[in-house]
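Peer 1: Provided below are the primary sequence and the corresponding predicted coordinates.
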Amino acid sequence: QVRLVESGGGLVQPGGSLGLSCVASGFTYSEYWMYWVRQAPGKGLEWIAGINIVGGDTYYKDSVKGRFTISSDNAKNTLYLQMNSLKSEDTADYYCANNREGWGIWRADSWGQGTRVTVSS
């Protein structure tokens, strides 16, 4: 059974930092690309960061480039997202997702349950 379990969301002030984690199980982690996808209130899904687990290549949407960092601990099957210089517009539910195809293919084989990030003073 595939499981993606996110953690680390919460309330943070503008300009602050927060780290998210996603523990993966039930599939061969190294055969997939892993992503962070977010959904702001009343908006659609936004694929913000992706990583090729084997090669380590990372990709970012322009809105988070330079502020967010996606990484993976392959020994622990755990995906991370370090978010710095947070803005109010980063407020969203953040989801961990995977696929085999790679960045630019906006579909996922599996999704986590999501973790909420609220950026507010």
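Peer 2: Yep, that arrived.
Peer 1: Hmm, residue 69 is touching residue 81, no?
Peer 2: Yes. Assessed by C-beta atoms under 8 Å, residue 69 is found in contact with residue 81 at 7.3 Å. Using the backbone N, CA and C atoms, a C-beta is placed for each residue, glycine as well.
Peer 1: Counting neighbours, go ahead and name the busier of these two.
Peer 2: A count of neighbours by other C-beta atoms under 10 Å puts residue 81 above the other of residue 69 and residue 81, at 26 against 16.
Peer 1: Secondary structure class of the closest residue to that one other than its chain neighbours, three-state.
Peer 2: In space, and not counting its chain neighbours, residue 81 is closest to residue 20: 4.3 Å by C-beta to C-beta, 6 or more residues apart in numbering. Three-state call for residue 20 (DSSP: H, G, I helix; E, B strand; the rest coil): strand.
Peer 1: need the contact list for residue 20.
Peer 2: Residue 20 sits next to 6, 7, 8, 9, 36, 80, 81, 83, 94, 115, 117 when contact means C-beta atoms under 8 Å, 6 or more residues apart in numbering.
Peer 1: how close does it sit to residue 1?
Peer 2: Distance from residue 20 to residue 1, counting by C-beta to C-beta, to the nearest Å: 22 Å.
Peer 1: Quick check: closest non-adjacent residue to residue 78.
Peer 2: residue 23 (5.2 Å).
Peer 1: Pretty sure the one you found sits against residue 8.
Peer 2: No. With contact defined as C-beta under 8 Å, residue 23 does not count as touching residue 8 (11.0 Å).
Peer 1: Next, count neighbours for the residue lying closest to residue 25 once chain neighbours are set aside.
Peer 2: Closest residue to residue 25 apart from its sequence neighbours, by C-beta to C-beta, 6+ apart: residue 3 at 4.8 Å. For residue 3, the neighbour count with other C-beta under 10 Å is 13.
Peer 1: for residue 84, same thing?
Peer 2: 14.
Peer 1: so it makes contact with residue 17?
Peer 2: Yes. Applying C-beta under 8 Å as the test, residue 84 and residue 17 come out as touching, 4.7 Å apart.
Peer 1: Which residue is the nearest non-sequential neighbour of residue 46?
Peer 2: residue 38 (5.3 Å).
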